[in-house]
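> Could you work out the structure for the sequence below:
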Amino acid sequence: MTISDADRARRAPAGDADAAIAFEEREAHEAGFAAFFEAHIAPILGNVEDARLEARKTFNFRLFLAVLAAIPVATAGILFGPRLISPDYFDVSLGAALFAAVGAGIWVNRPRTTFLIGFKQDVLRPIAAFFELSFDAKGRNLCSSFGDTGILHDHNERKFEDGFWGEYRGVELAFEEVKLVKVTRTNKGTRRKTVFDGVAVMLRMNKRFKGHTIVKEDLGTAFNWIRDKTNALETVKLEDPRFEDRFEVYASDQIEARYLLTPAFMERMLAVADAFDKARLRACFRDDRLYLLIPYGKNLFEAASLHKTVLETDSLRKVLRQIQELRGIVDALKLNERLGL
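Coordinates of the predicted model:
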């Protein structure tokens, strides 16, 4: 009977994690990672597991205290609040209660947050180094470099994390998780709408372009017409019906846009979109760079949980695959080739 890595890890003390777990290479992009894992990651997993167990214990204790304190407070508020609080101060009291609840939530969740950030620095940073990339768990605000690309969704709040950057096949690249939020304030309160949740990518191409070409998701005839009327760039009609069905192209230079978006290149862009669950991606060709926004409903690069042992390799294997999928954009679009697009 074959014993899985996770089973061996569960049977071994946390301090013996380096002896209990090994990485089995199954995919082409995992080649060489077994030795790297044994040398750089397995030796620290015992300490990381100990840190997880301690963080979980603290988290559970704080949660217990928060719930214990919340029950009488909530009960008193329901039974006596309307009688004790003047209508003139109700909004203030409600605001104070919400502020206290948010503060309590942050306090309860801090052990989890601290552990996850530490895990990323201790484990994901070496994994990034295996791919010859740098890593910052806090992200680098990559979208700030998108400038006037024309593909950023309208937003006034931006969250970002897990930034990777470096080179792959001689192509400079950077990517990170991004969430863009549109906050609208009215007399009835504040409304928050997530307008983009996915990954931002920047790749340096082997050519420099004079014009500005963008690709956006197809919105249907009516909404495309409205967007066309408000767009400073010209609409570009292309010959690939599959691409036209899913995307709209705008450019300052029609000739250059067609030079960029050859039938072969459009096919490769469709393949990239399909690799990310048929994503309604956005792209911009500007100067010597290709900017991409790829919506992706799944949380990327999450290889740890407070309630799951780190002494297994499935979560790491998932991160390896996600990094390779993003690096693979270079291969899919053949950006490393010097002979045209």
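
> Low-confidence regions, this structure specifically.
1-20, 73-97, 99, 220-231, 338-341 (pLDDT under 70).

> switch the cut-off to 50
1-19, 89-90, 92, 339 (pLDDT under 50).

> all helices of the protein, in order?
Per DSSP state H, the chain carries helices over the ranges 5-11, 17-20, 33-36, 42-84, 90-119, 125-130, 221-230, 241-246, 254-260, 263-275, 314-333.

> out of these, which comes closest to Glu177?
For those, the distance to Glu177 is smallest for helix 314-333, at 10.2 Å, taking C-beta to C-beta. For glycine as for every other residue, the C-beta is placed from the backbone atoms N, C-alpha and C.

> Only the buried residues of the closest one, if you could.
315-317, 319-320, 322-330, 332-333 (16 or more other C-beta atoms under 10 Å).

> thinking again about what came up before, between the helices of the chain, which one is closest to Asn206.
helix 314-333 (10.8 Å).

> And that closest one, what does it pack against?
Helices and strands touching helix 314-333, as assessed by 3 or more C-beta pairs under 8 Å, 6 or more residues apart in numbering; DSSP states H and E, comprise helix 125-130, strand 157-168, strand 171-186, strand 189-204, helix 263-275.

> Between strand 189-204 and it, find me the angle.
60 degrees (axes from the mean of the first three to the mean of the last three C-alpha atoms, to 10 degrees).

> on that earlier part again, mind checking the helices of the chain for the one nearest to Arg185?
helix 90-119 (15.0 Å).

> Which positions within the closest one qualify as buried?
104, 108, 111-112, 115-116, 118-119.

> What of stretch 243-258?
For stretch 243-258, by 16+ other C-beta under 10 Å, it's 243, 246-254, 256-258.

> would you turn those residues into a markdown table with distance to Leu133?
Shown next, in a markdown table, are the buried residues of stretch 243-258 (distance: C-beta to C-beta, whole Å):
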| residue | distance to Leu133 |
| --- | --- |
| Phe243 | 30 |
| Arg246 | 30 |
| Phe247 | 29 |
| Glu248 | 32 |
| Val249 | 31 |
| Tyr250 | 32 |
| Ala251 | 32 |
| Ser252 | 33 |
| Asp253 | 33 |
| Gln254 | 37 |
| Glu256 | 31 |
| Ala257 | 31 |
| Arg258 | 34 |
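
> coming back round to it: make CSV out of the helices and strands packed on helix 314-333 and add mean neighbour count.
Output for the helices and strands packed on helix 314-333, formatted as CSV (neighbours: other C-beta atoms under 10 Å):
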stretch, mean neighbour count
helix 125-130, 18
strand 157-168, 18
strand 171-186, 17
strand 189-204, 16
helix 263-275, 16
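
> Any idea which of these gets closest to Arg62?
strand 157-168 (23.2 Å).

> partners of the closest one in the sheet?
With DSSP bridges as the test, strand 157-168 is paired with strand 133-136 (antiparallel), strand 171-186 (antiparallel).

> Ok, which of these comes nearest Ser144?
strand 171-186 (10.6 Å).

> List just the nearest of the buried residues of helix 314-333 to His40.
Leu316 (11.9 Å).

> Find the centremost residue of the protein, please.
Glu177 (2.5 Å; C-alpha atoms, centre = their mean).
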